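Colleague: the following comprises the amino acid sequence and a computationally predicted model.
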Amino acid sequence: MTNHHPVPPIWTCGGCGADWPCGPGRRHLVAEYREGRVALALYLAVQFVTAGRDLARLPAGELHHRFLGWIR
């Protein structure tokens with residue numbers, strides 16, 4: 001289990017303090033969802049919507065890139 005989990009409502013990483021999902025958190029998510037990329041995208045989409053409410057001051061494009069722009 002990783003300690004690189006989100007800390008709402010500020011959406012930083014509980015393990016390293018970087019913006020979540022951080023680099024190690026992303027690697028963990030890819031490994032965890034390696035057989036379910038659609039499930040990973042759906043999970044991150046839910047997190048994106050929730051973070052959008054908490055981080056309304058940030059541009060939506062920035063949040064999209066942060067939460068969804070890195071998955072393939």
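Modeller: The structure has been received and is ready for your questions. Numbering: from 1, shown residues only.
Colleague: of all residues in this structure, which one is nearest the centre?
Modeller: Among the residues of the chain, the one closest to the centroid is Pro21, at 3.8 Å (C-alpha atoms, centre = their mean).
Colleague: not counting its neighbours along the chain, what's nearest that one?
Modeller: With sequence-adjacent residues excluded and distances taken as C-beta to C-beta, 6 or more residues apart in numbering, Pro21 is closest to Leu29, at 6.4 Å. All C-beta atoms are positioned from the backbone trio N, CA, C, and that covers glycine.
Colleague: tell me the helix or strand right after the helix or strand Val38 falls within.
Modeller: Using DSSP states H and E, Val38 maps to helix 37-54. Next in sequence after helix 37-54, counting helices and strands by DSSP H and E, comes helix 60-67.
Colleague: between that following helix and helix 37-54, how big is the angle?
Modeller: 140 degrees (axes from the mean of the first three to the mean of the last three C-alpha atoms, to 10 degrees).
Colleague: and helix 60-67, what's buried?
Modeller: Neighbour counts over helix 60-67 (16 or more other C-beta atoms under 10 Å) mark Leu63, Arg66, Phe67 as buried.
Colleague: report all helices and strands that that helix contacts.
Modeller: Under the contact criterion of 3 or more C-beta pairs under 8 Å, 6 or more residues apart in numbering; DSSP states H and E, helix 60-67 touches helix 37-54.
Colleague: list the buried residues in the helix it packs on.
Modeller: Of all the residues in helix 37-54, those buried under the rule 16+ other C-beta under 10 Å are Leu40, Tyr43, Leu44, Gln47, Ala51.
Colleague: quick one, what contacts the residue nearest to the centre of the chain?
Modeller: Counting by C-beta atoms under 8 Å, 6 or more residues apart in numbering, Pro21 touches His4, Pro6, Cys13, Leu29, Leu44, Arg66, Phe67, Trp70.
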